[in-house]
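got a sequence here, can you model it:
(one chain, ligands or ions: 1)
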Amino acid sequence: MSSTTLSIVAQRLLLPSLLSLLLLIVSVISDDASTMPTQNMSHKERAELREESREMFYHAYHAYMENAYPADELMPLSCKGRYRGVTPSRGDMDDILGNFSMTLVDSLDTLVLLGDFAEFEHAVKLVIRDVQFDSDIIVSVFETNIRMVGGLLSAHILAEYLQKQADVMHWYKGEMLEMARELGYRLLPAFNTTTGIPHARVNLRLGMKDPMLKKSRETCTACAGTILLEFAALSRLTGDPIFEVRAHAAMDALWKLRHRGSDLMGTVLNIHSGDWIRRDSGVGAGIDSYYEYLFKSYVLLGDDKYLARFNRHYNAVMKYVSEGPMLLDVLMHRPHAKSRNFMDSLLAFWPGLQVLSGDLKPAVQTHEMLYQVMQMHTLIPEAWTVDFQIHWGQHHLRPEFIESTYFLYRATGDHHYLQVGKKALKTLQKYAKVSCGYAAVNDVRTGKHEDRMDSFVLSETFKYLFLLFSEPQDLIINVDEFVFTTEAHLLPLSIAQLGNSTFSFRQSDEHNVLDFMRTCPSSNKLFPEKVRKPLRNFITGSCPRTISGKRLSALDFQASNADHLRAVYDMGITMVSVGDRSQGKVRLFHSFYNAKSQEEGEMGLQFMQEMLELTKMQSMNQLAQLQAVAYALDEQSQDWTALVAGPSHFSPELIGEQFVEGEVVLASPFRACDEKLENSSDISGKILVAERGDCTFVSKARLAQKVGATALIVCDNVSGSSGETQPMFAMSGDGKDDVAIPVVFMYSQEFSKLSAAMQRRPQLRVRIMQMVEFKRWQLAKEAHQNETAAASAAAALAAGTMPKKKPDKEL
Ligand code: DMJ
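Numbering: from 1, shown residues only. Okay, the predicted model is just below:
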């Protein structure tokens, strides 16, 4: 048997998906300064912060247990419990409270994550002994579901997990699941509506028969659309389908209410008629977790229709609501009209959701905006205006910003997010810690405290902080095998395995699934699959193979993806670490002998060739970021060459097949810093070239834009510099988002080539595009030429006109 062996030394880090690599464009460089990467955080410091997060949780937890339990919440300034009907009412806000020891239930799974099995066991016993639901109290369906049902379910799941894994709590017999079921039944009367969309509130004892609920008709989109994860888990764990059936129906009804033109949802609706009452559409208060549950329902349950719906809404949000890093409400029926000029703190969850769905770049941008809001006002206020002034000054110790920070850190490994988390942690310590727990801040301008500590501070804020600073080995469970509910309760992906055989899904609106799977980036290829698959293996102990029929390309290959590793192995490729493991270098060997089949052996060979092509570039990381300034070698030539260039943080990115083409013209004066360019009348519609120095990159860009250039190439002012020998970087801006033309940077040696070409051909036209696209374009062109040559050779052969091959000796 013949075997071919190729070897490639490639950086292992270079192998993850291009999408995640794009995110790695984090190097920030100022015009005159050198690269300033985020300071890495040492393991020691990270561990200290992890322990500090743990202490924060316990400071709040003990304060609650010692001074407030069995109340729903601790009032940290009065240092006593808040009871519904006893403590002076705060109006609708108190609908959260059901006198069911909410903070304890909400805290249970955090105790497990902290590894405190003894306290968890004690707390579970208290919950079973003390918590009851037969109260004549009107509660919010949404809040009761996410905090209480979610808290009980997650605690139940983890209790069973600990029984098996840690050999503890053998006395536990599913009591919390029974409690969750009972509570679920008490919420169900709210779902008896013509639309299937639940009432916002229900009486725990009387259901909807409470006279106070007679006029109930309004609910918010998030209130009705944040039920499915918990109810599906409840159904699948108890075997009683009613919960999941009702929750799917509510989701279906909501989906029908989207605006068919914009695909957006409003914020408040009439549950009987389905009419919208508030048509504002954003991603914050009133709507936030509806979007979250569409996506996470897909992840947890594997039902594609939720992904399709999420994608439809997501595209609409990105089209109309997203405004650079900001997210501003519009009217669902007039999506070009902004409906308010401020943002609220609940929308800070959005970057985390974007990370999960695979859209990292806008996640990084919005997170950065939020971080700046935090730095500007010390704590993120409840709402701020488009010019970042305070709109509502409270700070309720909400988790959303830390949640997004956690997901961004998990996706990128960028220590910037650890530093952001550290800042958030230290700020809470300084401004919210009081002797009896943590107090919300009434106004971030004055720092005055408020007598409230919501249960989500323990279930989410401190949990996400602890997770952010934990390394996988610090955790007793693999969190990648769970979905975090909107209240950060953990539901295992294995729930999908429990099936939904009792009912079936309608398929009517699924025609669009494929369309959206083809959108770029396709969420289908990213996180959801990645998180579901490992668990399938975990649960069943088997290793299902992907039979996609499609060859895995080197460009798509992710070293962290178990399926990809198997596919590569089947193609006869083995990977061996070489040198110092920490450098992450691997050597790839290909052998037909090792391939599963002849066909896969050939695929392996192609894969290796592609990998060789890719590793010719300094790294795939760079490849993803690198820009190309390409031009034809002469007027008639089909042959093009490309000079390597770097991107900028402040200008639009040319992605995929996008490019800008035009004649190049040098700025005069060359540094393009003066308000007036001498040759400004000759620049419009052309690509301007200016030299680095004297003013910032972004000011050169603004000037180029002002005089009508279609793009700007900034060339280095250090002679002899070259992209061949120096790492490329991304030019930084000043945080504003007003540059609409692409701007790229080029080192001196590359510029000399461009300059020589310009001298040879005064009206030289260049094309600016992604380097990776240039490569693809060249490969496609070559393939096409080969095919055409082969076809004409075949035709000539068939026609008998094929020139005879010359005899060898004449060669
Ligand atoms: C939490 O109860 C949940 O995250 C909910 O979805 C939104 N608000 C709070 C935290 O801010």
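
quick one: the strands in the stretch 701-811 of the chain?
711-715, 730-731, 743-746, 765-770 (DSSP state E, counting those that start in this stretch).

could you export these as JSON lines, including distance to residue 593 and mean pLDDT?
Glycine gets a C-beta too; all of them are placed from N, C-alpha and C. Formatted as JSON lines, the strands of the stretch 701-811 of the chain follow (distance: least, C-beta to C-beta, whole Å; pLDDT from 0 to 100):
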{"stretch": "strand 711-715", "distance to residue 593": "49", "mean pLDDT": "97"}
{"stretch": "strand 730-731", "distance to residue 593": "44", "mean pLDDT": "82"}
{"stretch": "strand 743-746", "distance to residue 593": "46", "mean pLDDT": "95"}
{"stretch": "strand 765-770", "distance to residue 593": "37", "mean pLDDT": "94"}
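
want to throw those into TSV with mean neighbour count and distance to residue 601?
Below are the strands of the stretch 701-811 of the chain laid out as TSV (neighbours: other C-beta atoms under 10 Å; distance: least, C-beta to C-beta, whole Å):
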stretch	mean neighbour count	distance to residue 601
strand 711-715	26	45
strand 730-731	23	40
strand 743-746	27	41
strand 765-770	23	32
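
buried set for stretch 335-350?
Neighbour-count burial for stretch 335-350 flags 335, 338-340, 342-350 (criterion: 16 or more other C-beta atoms under 10 Å).

of these, which pair is most distant in space?
By the measure C-beta to C-beta, 335 and 345 form the most distant pair in the buried residues of stretch 335-350, at 23.3 Å.

mind giving me the packing neighbours of the longest helix along the chain?
In the chain, with assignment by DSSP state H, the single longest helix is helix 771-799. Helices and strands touching helix 771-799, by 3 or more C-beta pairs under 8 Å, 6 or more residues apart in numbering; DSSP states H and E, are helix 620-625, strand 627-632, strand 640-645.

how does it look with 6 Å?
With contacts defined as 3 or more C-beta pairs under 6 Å, 6 or more residues apart in numbering; DSSP states H and E, helix 771-799 has these neighbours: strand 627-632.

alpha carbons of the strand it packs on, as PDB, please.
Output of strand 627-632 as PDB, limited to C-alpha atoms (Å, rounded to 0.1, in the frame of the first residue of the first chain):
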ATOM      1  CA  GLN A 627      -6.200  42.900   4.400                       C
ATOM      2  CA  ALA A 628      -4.900  42.800   0.800                       C
ATOM      3  CA  VAL A 629      -4.100  45.600  -1.500                       C
ATOM      4  CA  ALA A 630      -4.300  43.800  -4.800                       C
ATOM      5  CA  TYR A 631      -3.700  44.800  -8.400                       C
ATOM      6  CA  ALA A 632      -3.200  43.300 -11.800                       C
END
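
write out the residues of the protein neighbouring the ligand.
For the chain, the residues in contact with the ligand (C-beta under 6 Å from any ligand atom) are 146, 289, 346, 398, 399, 400, 456, 460, 486, 487.

mind putting these into CSV with pLDDT and secondary structure?
Formatted as CSV, the residues of the chain next to the ligand follow (pLDDT from 0 to 100; DSSP: H, G, I helix; E, B strand; the rest coil):
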residue, pLDDT, secondary structure
146, 98, helix
289, 98, helix
346, 98, helix
398, 98, coil
399, 98, coil
400, 98, helix
456, 98, helix
460, 98, helix
486, 98, coil
487, 98, coil
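
specify which member of those residues is nearest to residue 660.
residue 400 (37.4 Å).

what about the residue in the stretch 151-300 of the chain that the ligand sits nearest to, distance to residue 360?
The nearest approach of the stretch 151-300 of the chain to the ligand comes at residue 289, 4.2 Å away (C-beta to the nearest ligand atom). With distances taken as C-beta to C-beta, to the nearest Å, residue 289 is found 21 Å from residue 360.

could you check which of those two has the larger neighbour count?
More neighbours surround residue 289 than the other of residue 289 and residue 360, with 26 against 23 (other C-beta atoms under 10 Å).

contact partners for that one?
222, 226, 486 (C-beta atoms under 6 Å, 6 or more residues apart in numbering).

residue nearest the centroid of this structure?
Nearest to the geometric centre of the chain sits residue 355, at 0.7 Å (C-alpha atoms, centre = their mean).

give me the nearest residue to that residue, chain neighbours excluded.
If the residues on either side of it in the chain are set aside, residue 355 comes closest to residue 407, at 4.2 Å by C-beta to C-beta, 6 or more residues apart in numbering.

for the spatially closest residue to residue 709 that is not a sequence neighbour, list each beta-bridge partner.
For residue 709, ignoring the flanking residues on the chain, the nearest one in space by C-beta to C-beta, 6+ apart is residue 688 at 4.0 Å. Beta-bridge pairing for residue 688 (DSSP bridges): residue 665, residue 712.

what separates residue 688 from residue 626, distance-wise?
In terms of C-beta to C-beta, residue 688 sits 21 Å off from residue 626.

have a look at these two and say which one is more surrounded.
Between residue 688 and residue 626, counted using other C-beta under 10 Å, the more crowded position is residue 688 (31 against 23).

could I get the contacting residues of that one?
For residue 688, the contact set (C-beta under 6 Å, 6+ apart) comprises 667, 704, 709, 712.

hmm, 7 Å instead?
For residue 688, the contact set (C-beta atoms under 7 Å, 6 or more residues apart in numbering) comprises 665, 667, 704, 709, 712.

separation between it and residue 665?
6 Å.

picking up where we left off before, ok, the residue nearest to residue 355 - how many residues close by?
Neighbour count of residue 407, defined by other C-beta under 10 Å: 26.

what about the contacts of residue 289, which one has the most neighbours?
That'd be residue 226 among these, by other C-beta under 10 Å, with 29 neighbours.

now name the helix or strand holding that residue.
Assigned by DSSP states H and E, residue 226 falls within no helix or strand.

quick check, it in contact with residue 296.
No. Using C-beta atoms under 7 Å, residue 226 is not in contact with residue 296; the gap is 9.9 Å.

residues in contact with stretch 242-258?
The contact list for stretch 242-258 (C-beta under 7 Å, 6+ apart) reads 184, 188, 191, 195-198, 221, 224-225, 227-228, 231-232, 234-235, 264-265, 269, 274, 290, 309, 500, 503.

among the residues you listed, which are in strands?
residue 269 (DSSP state E).

how about the strands in the stretch 301-450 of the chain?
All strands of the stretch 301-450 of the chain, identified by DSSP E, counting those that start in this stretch, fall at 322-323, 326-327, 330-331, 334-338, 342-344, 383-385, 390-392, 433-434, 437-438, 441-443, 448-449.
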